[in-house]
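Trainee: My questions are about this predicted structure, shown below with the sequence.
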Amino acid sequence: MLLLIFGLVLVFSWAQIWKLKTKREFSDSELLKRLSPDQSFFKSVLKLITIALAVSCFVVALVNPKIGTKLETVKREGVDIVFALDVSKSMLAEDMAPSRLDKAKQLTNQIINTLVSDRVGIIAYAGKAIPQLPITTDYGAAKMFLQNMNTDILSSQGTAIDEAINLSKSYYNDNEQTNRVLIILSDGEDHNDASTDVAKEAAQEGIKIFTIGVGTEKGGPIPIKRNGITLRYKKDSNEGVVITKLDKETLIDIANNGNGMFIDGKNTQDVVKSVSNILQKMDKKEFEAKEFADFKDQFQWFLGLGLFFLILDVFFLERKTAWLKRLNLFNENF
């Protein structure tokens, strides 16, 4: 943008040459001096200089130069939260709209939205558990992984909550003194009796387990879809339609043994509020401290200086003033 100054000089030079040429064509130089004795070339140059300085100041102000004044230490404190989402086929049931899995993803997403400096991780489980996202403060990445989760990411079916609990232990760093929270979102249809014992072991290691029930106790069939269209419902060996129900007792038992609590997932707002209250009551431990240079903006000085030159330009008319006549800088004849 500083090239604008070069452009101004070119335009000014062209204008002065054009004026001189035109004056010579239409009038005698001596006669012109008598007709316009107050015309000043010096003030025209002065106007160009002030406008060039104003443009320079505005350009520097746009760059916004900064000056570092001191180093500031920023600390991050929070809780390590791992979300374990049930992705078994029973989570396709639509007794909780739009489906149990979609509801679980919605609940997780809303909880993440309330977090400030806590770290999150994600686990998917069905017949076995697999890691989806390690502990991170990147909430955007967490939401992206969450969005892509479905019942086809695991070939082994079933609901092994104990596998998810055991996998969550590897998510927490033993060297970092942070509170550890595991939130299990499931319909509670556990195909393994070891979950309560594993939850008790996790609690001894400082992991608090909270379970969120997704589904209804009345239950619903498991749809088999293609391209979003329901073709049929899952049937058992006797050709009867399978009805999957929320096993609240199992989820309550796991939460109690994990030093946590069970939360009904029907109302999203209530779930988010309950989880927020739980996290607020926990001691926030420092897990990261970084030093940043504290910079101060300096653009306002250049902006003010640019405005000063613009105002100054208003007073520099192209006519000779009394003080300029008295100075007679260029020995001009008046």
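Mentor: Arrived safely.

Trainee: burial count for the closest residue to residue 48 other than its chain neighbours?
Mentor: Spatially, and ignoring its direct neighbours in sequence, residue 48 is nearest to residue 12 (5.0 Å; Cβ to Cβ, 6 or more residues apart in numbering). (C-beta placed from N, C-alpha, C; glycine too.) Residues near residue 12, counting by other Cβ atoms under 10 Å, number 16.

Trainee: again, but for residue 1
Mentor: 11.

Trainee: Got the domain ranges for this structure?
Mentor: 3-65+298-327, 74-289 (automatic domain parsing).

Trainee: ok, back up a step: doesn't the residue nearest to residue 48 lie inside a strand?
Mentor: No - counting by DSSP: H, G, I helix; E, B strand; the rest coil, residue 12 is not part of a strand but helix.

Trainee: host element of residue 78?
Mentor: Per DSSP states H and E: residue 78 is located in strand 66-86.

Trainee: And residue 21, by the same measure?
Mentor: Assigned by DSSP H and E, residue 21 falls within helix 3-26.

Trainee: And residue 130, by the same measure?
Mentor: strand 129-136.

Trainee: what lines up beside that strand in the sheet?
Mentor: Looking at strand 129-136 with DSSP bridges, its partner strands are strand 119-125 (antiparallel).

Trainee: Give me the contact list for the strand it pairs with.
Mentor: 78-87, 108, 112, 129-137, 139, 142, 145-146, 149, 153-154, 159-161, 163-164, 167-168, 171, 178, 287 (Cβ atoms under 8 Å, 6 or more residues apart in numbering).

Trainee: Okay, residue 302 and residue 52: tell me how far apart.
Mentor: Going from residue 302 to residue 52 by Cβ to Cβ, to the nearest Å gives 14 Å.

Trainee: pretty sure residue 78 contacts residue 136?
Mentor: No - with contact defined as Cβ atoms under 8 Å, residue 78 does not count as touching residue 136 (11.8 Å).

Trainee: Look at residue 224 and give its secondary structure.
Mentor: Quick answer, by three-state DSSP: residue 224 is strand.

Trainee: The chain should start at 28 in everything you say after this.
Mentor: Got it, first residue is 28 now, which makes that one residue 251.

Trainee: Please name the bridge partners of it.
Mentor: Beta bridges link residue 251 to residue 259, judged by DSSP bridges.

Trainee: so what's it up against?
Mentor: Residue 251 neighbours (Cβ under 8 Å, 6+ apart): 257, 258, 259, 260, 261.

Trainee: Mind putting those residues into CSV with pLDDT and neighbour count?
Mentor: Formatted as CSV, the contacts of residue 251 follow (pLDDT from 0 to 100; neighbours: other Cβ atoms under 10 Å):
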residue, pLDDT, neighbour count
257, 80, 12
258, 84, 9
259, 87, 12
260, 88, 14
261, 87, 16
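
Trainee: Closest one to residue 124 out of the residues you listed, please.
Mentor: Proximity of these to residue 124 (Cβ to Cβ) peaks at residue 257, which lies at 14.1 Å.

Trainee: Isn't that closest one up against residue 248?
Mentor: No - contact criterion Cβ under 8 Å: residue 257 and residue 248 do not qualify, at 9.5 Å.

Trainee: count of residues packed around the residue lying closest to residue 243 once chain neighbours are set aside?
Mentor: Of all residues not flanking residue 243 in the chain, residue 122 sits nearest, at 4.5 Å (Cβ to Cβ, 6+ apart). Per other Cβ under 10 Å, the neighbour tally for residue 122 reads 20.

Trainee: Tell me the spacing between residue 122 and residue 75.
Mentor: 79 Å.

Trainee: The stretch 178-327 of the chain: strands as residue ranges?
Mentor: 206-213, 234-240, 247-248, 250-253, 256-260, 270-271, 289-291, 312-324 (DSSP state E, counting those that start in this stretch).

Trainee: Output the lowest mean pLDDT helix or strand found in this protein.
Mentor: helix 349-354 (a mean of 53; mean pLDDT, DSSP states H and E).

Trainee: Can you pull the phi/psi pair for residue 120?
Mentor: The phi/psi pair for residue 120 (degrees, to the nearest 10) reads phi -60, psi 140.

Trainee: Next up, the contacts around it.
Mentor: Applying Cβ under 8 Å, 6+ apart to residue 120 gives the contacts 126, 127, 214, 242, 246, 247, 248, 249, 250, 271.

Trainee: got it, and residue 173?
Mentor: By Cβ under 8 Å, 6+ apart, the residues touching residue 173 are 110, 112, 132, 135, 136, 139, 149.

Trainee: Quickly name whichever of the residues you listed is closest to residue 339.
Mentor: Using Cβ to Cβ, the contacts of residue 173 come closest to residue 339 at residue 139, 55.6 Å.
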